[in-house]
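S.K.: structure, please.
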Amino acid sequence: MESKLTSVFYPSGYKCLICGCEIDGGNFEFCNKCFKTLPQIVGKTCVKCGEPICSDSELCLFCKKEMPSFTKCFAPFTFSPPITNLIYRLKYNGEKFVAKTLSNLLLKFFMEQNVDVDIVIPVPLHLKREAERKFNQSELLAQSFKEHGFNVDVTCVVRTKNTTTQTALSKQLRKQNMEEAFKVLVKSKVKNKNVLLIDDVYTTGATFNSLSNTLKKCGAKNVYGLSLAHTKMEDIVKS
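M.R.: Residues are numbered from 1 along each chain as shown. Okay, here's the model as predicted:
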């Protein structure tokens with residue numbers, strides 16, 4: 001399937017974020033060669049979580065087993081190289097400049113989904129975790145949305161539980177880890193609203209599901225989740 005992402009011209013002097021070569025007409029700060037290696041999700045996906053599926057079903061196996069509370073989740077890429085490398089560079093190497101390009105990619109993809117939202121909420125980190133990292137990567141990924149006039153709010157929801165890192169946890173433990181992890185401080189901002197949550201990676205959906213439950217208890221109409229990358233089901237099963 002042809003790429004949904006369109007080219008963006010950059011003048012000479014810009015360097016590809018992946019290979020470092022100079023760009024003179026690249027795509028979202030990637031050279032043409034590296035842009036083609038981005039693991040875009042194409043074809044049929046689960047109508048609930050966005051997992052790529054090959055069966056005749058509308059739902060993936062996870063959503064069939066336990067329907068999430070969120071309305072729908074989207075992701076432009078699978079959690080595979082070179083997207084994994086870019087996310088790691090942002091989160092763990094502190095290369096915040098990478099976030100601008102990733103945010104532009106995310107905004108371009110979301111605009112193609114034809115979903116109307118009233119408020120955009122980057123998934124919050126616990127204050128202790130954010131102090132250690134010195135930034136919230138989800139807030140950085142939402143920057144392009146703010147610049148394009150979306151109502152981005154980073155104060156109405158907080159993470160009250162300093163959860164264990166999800167990386168090495170099973171699906172069930174991720175769910176338990178995220179129970180009652182969030183609190184809405186200003187309910188009027190989400191009541192009867194269509195909410196868009198932004199995060200870097202969708203793995204089992206535990207974070208989006210927990211936050212969706214919290215928001216819906218406060219009267220949110222619809223809760224959508226947007227992540228840069230979606231972990232493949234086989235990788236989750238292996239963990």
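S.K.: what domains does the record give for this structure?
M.R.: 1-37, 43-238 (automatic domain parsing).
S.K.: which of these is buried the deepest?
M.R.: domain 43-238 (a mean of 18; mean count of other CB atoms under 10 Å). All C-beta atoms are positioned from the backbone trio N, CA, C, and that covers glycine.
S.K.: avg pLDDT for that domain?
M.R.: Model confidence over domain 43-238, given as mean pLDDT, is 90.
S.K.: ok, now how distant is Glu58 from Val186?
M.R.: Using CB to CB, to the nearest Å, Glu58 is found at 35 Å from Val186.
S.K.: and the helices in this protein?
M.R.: 32-35, 61-65, 83-91, 97-111, 127-133, 137-141, 143-147, 171-177, 206-217, 233-238 (DSSP state H).
S.K.: would you format those as TSV with distance to Pro52 included?
M.R.: Formatted as TSV, the helices of the chain follow (distance: least, CB to CB, whole Å):
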stretch	distance to Pro52
helix 32-35	20
helix 61-65	12
helix 83-91	14
helix 97-111	15
helix 127-133	30
helix 137-141	21
helix 143-147	25
helix 171-177	18
helix 206-217	17
helix 233-238	8
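S.K.: which one of those helices lies nearest to Ala75?
M.R.: Of all those, helix 97-111 sits nearest to Ala75, with 8.2 Å by CB to CB.
S.K.: tell me what angle that closest one forms with helix 83-91.
M.R.: Helix 97-111 and helix 83-91 are oriented at 130 degrees to each other (axes from the mean of the first three to the mean of the last three CA atoms, to 10 degrees).
S.K.: which other helices and strands contact helix 97-111?
M.R.: Using 3 or more CB pairs under 8 Å, 6 or more residues apart in numbering; DSSP states H and E as the contact test, the elements touching helix 97-111 are helix 83-91, helix 137-141, helix 143-147, strand 222-230.
S.K.: out of those, which comes closest to Ser103?
M.R.: helix 143-147 (4.0 Å).
S.K.: Phe150 touches Asp118, doesn't it?
M.R.: No. If you go by CB atoms under 8 Å, Phe150 and Asp118 don't touch, sitting 9.4 Å apart.
S.K.: so how far is Phe208 from Phe70?
M.R.: Look at Phe70 and Phe208: by CB to CB, they are 5 Å apart.
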